[in-house]
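**Q** how would this look folded up:
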Amino acid sequence: MPVINRIAEFAPEMAAWRQHLHRHPELGFDCHATARFVVERLRSFGVDAVHEGIATSGVVALIDGQGPGPTIGLRADMDALPIAEATGAEYASAVPGAMHACGHDGHTAMLLGAARHLAETRNFAGRVALIFQPAEEAGGGAGVMCEDGVLERFDIAEVYALHTRPGAPAGRFLGCAGPVLAAVDTLTVRLRGRGGHGAHPEDCADPVTALVAMVSALQTIASRNRKGTDALILSVTQIESGADGADNVIPETGWFRATIRTYDRAVQDMVEARARDIVNGVAAAMGVEAHIEYERGYPATVNDAEKAALAMDVARDVSGDAADCEPSMGAEDFAYMLERRPGAYLFLGQGDGPPVHHPGFDFNDAVAPLGASWFVRMVETRQPRNAS
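**A** Numbers count the residues shown, from 1 in each chain. Sure, this is the predicted structure:
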C-alpha cells in the first residue's frame with residue numbers, strides 16, 4: 001500500500017500550496033491569511049463543513065464518510081517562526097523577520113492533500129475532522145483549541161499528527177509508544193541584594209555569589225533527587241548581573257532563567273518543589289531576596305500505545321520504511337490534544353539538511369505525498385467503510 005496514486009498525481013499542486021505558504025509566513029495566533037488560503041482549498045475540494053475562527057484563526061473542516069461511525073481528528077499546525085530566512089529559495093519568505101523554519105507549511109500542505117483525497121473518495125465510515133491550528137510555536141494553540149471545546153464540539157474520538165524530521169532518511173516514518181516529546185517548564189529567579197564597592201564585600205549582600213550557588217545547587221536535583229530511570233533535564237540558559245564595564249562594583253540585582261524538561265508529572269512536581277526550596281534556602285543563607293516564577297509550559301506528548309503501533313503499521317504500508325525512535329526532550333503542543341484523546345504523533349524524515357528552527361531550513365516537498373497518504377490510510381484503517 002504505497003503512496004496513493006491520486007495523491008501522487010496532484011503532488012505538484014501540493015508543492016505549490018506549500019511554497020505559497022512558505023512565502024507568506026504568519027506568527028502565533030495571527031494566521032488569518034493562511035487560514036483563508038486553507039479554507040479556499042477546502043471548499044474547492046467539496047468538504048461538508050468548514051468552521052473558522054477557532055482559537056482566533058484556527059480552522060476545522062468536516063468530511064462525512066459512508067455509513068455511521070466515529071470522528072477521527074487529523075491535525076496540522078500553520079504558524080511560522082520569528083527568524084530571518086536564509087534559504088535563497090525562489091519562494092523564500094516575503095515577510096521580514098519571519099519564516100517557516102519548522103515545516104508547518106509542509107504539515108498544512110500534507111493535510112490539505114489528504115483532505116482533497118478523502119473528500120473525493122470517502123472510502124471510510126463515520127467522519128473526519130481536519131484541524132488546522134495556529135500558535136504551535138508559542139501560545140499553545142492546540143491547548144486553546146481544546147479550551148474552545150473543539151474535541152467535544154465535533155465529537156472527535158482520537159487524534160493524529162505528523163512532524164517533519166530533517167536528518168532522518170527521506171520518507172522514513174519514526175515513532176514510539178508512550179512519551180515522544182517532553183513537558184517544558186521555565187524557571188525564572190530574580191534576586192535583590194545590597195550593592196557596594198568590590199573592595200568591601202562585608203558591607204554588601206552579593207547577588208552574584210547567590211546566583212552562582214543557586215545555579216550549582218539546582219543541578220543536584222537531577223543528580224540526587226530523581227531516580228536513574230526518570231528522564232529530566234534542567235538547563236540554566238540565561239544569567240545576568242552587574243554593570244557593564246565596572247569590575248569593582250558589587251551589583252544590587254541579578255537574575256537567571258532555566259528550562260526544565262520531563263516526561264512524568266510526578267517528576268515535574270518534584271523539580272518545582274525542590275527548585276523553590278533550593279532558591280529560597282540559598283537566598284536566606286546569603287541575605288538576598290528571591291522572587292521565583294515557575295511557569296508550566298506544554299505538557300509531555302504521550303502516544304497511546306495501541307494507536308502508536310497502528311500508526312507505525314500504516315506508515316510501513318505507505319512507505320515501507322518505519323522505525324522506532326527515542327523520545328526527544330523537545331516539546332509540542334499537540335500534547336494538549338493527546339491528554340484528552342488517544343492518538344499518536346509521528347515524525348516523517350525529509351533527508352539531509354539544516355535542522356528545524358534554522359534560517360536555512362526548508363521543507364522537502366518530495367515527502368509530502370507520503371504524509372498525505374499516511375493521513376488518508378489512517379482514516380481508512382481506523383474507520384473502514386464496511387465496519388458494522
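**Q** in stretch 138-155, what counts as buried?
**A** By neighbour count on 16 or more other CB atoms under 10 Å, the buried set for stretch 138-155 is 139, 140, 141, 142, 143, 144, 145, 146, 148, 150, 151, 154. For glycine as for every other residue, the C-beta is placed from the backbone atoms N, C-alpha and C.
**Q** also stretch 23-38?
**A** Buried positions in stretch 23-38, judged by neighbour count with 16+ other CB under 10 Å: 23, 24, 25, 26, 27, 28, 29, 31, 34, 35, 37, 38.
**Q** state the mean pLDDT of the helix or strand containing residue 258.
**A** When elements are assigned from DSSP states H and E, residue 258 belongs to strand 253-262. Averaging pLDDT along strand 253-262 yields 98.
**Q** likewise for stretch 116-133?
**A** For stretch 116-133, the per-residue pLDDT averages 98.
**Q** can you give me the buried ones in it?
**A** In terms of neighbour count (16+ other CB under 10 Å), stretch 116-133 has its buried residues at 116-119, 121-122, 124-133.
**Q** and stretch 68-86, C-alpha only, in CSV?
**A** These are the backbone C-alpha positions of stretch 68-86, laid out as CSV (Å, rounded to 0.1, in the frame of the first residue of the first chain):
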residue,chain,number,x,y,z
PRO,A,68,-22.2,5.7,10.6
GLY,A,69,-19.1,5.7,12.7
PRO,A,70,-16.9,7.9,15.0
THR,A,71,-15.0,11.0,14.1
ILE,A,72,-11.2,10.9,13.7
GLY,A,73,-9.2,14.0,14.1
LEU,A,74,-6.2,14.9,11.9
ARG,A,75,-4.1,18.0,12.9
ALA,A,76,-1.7,20.3,11.1
ASP,A,77,-0.1,23.5,12.6
MET,A,78,0.1,26.7,10.5
ASP,A,79,2.3,29.2,12.2
ALA,A,80,5.9,30.2,11.4
LEU,A,81,8.8,31.4,13.5
PRO,A,82,10.3,34.9,14.1
ILE,A,83,13.5,34.1,12.1
ALA,A,84,15.1,35.8,9.1
GLU,A,85,15.2,33.3,6.3
ALA,A,86,18.5,32.4,4.6
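**Q** residues of it that come out buried?
**A** Residues of stretch 68-86 classed as buried: 69, 71-81, 83, 85 (neighbour count, 16+ other CB under 10 Å).
**Q** out of the residues you listed, which is nearest to residue 281?
**A** Using CB to CB, residue 81 comes nearest to residue 281 of the buried residues of stretch 68-86, at 38.4 Å.
**Q** next, the residue nearest to the closest one when sequence neighbours are not counted: phi, psi?
**A** Of all residues not flanking residue 81 in the chain, residue 101 sits nearest, at 4.6 Å (CB to CB, 6 or more residues apart in numbering). For residue 101, the backbone dihedrals are phi -100, psi 10 (criterion: degrees, to the nearest 10).
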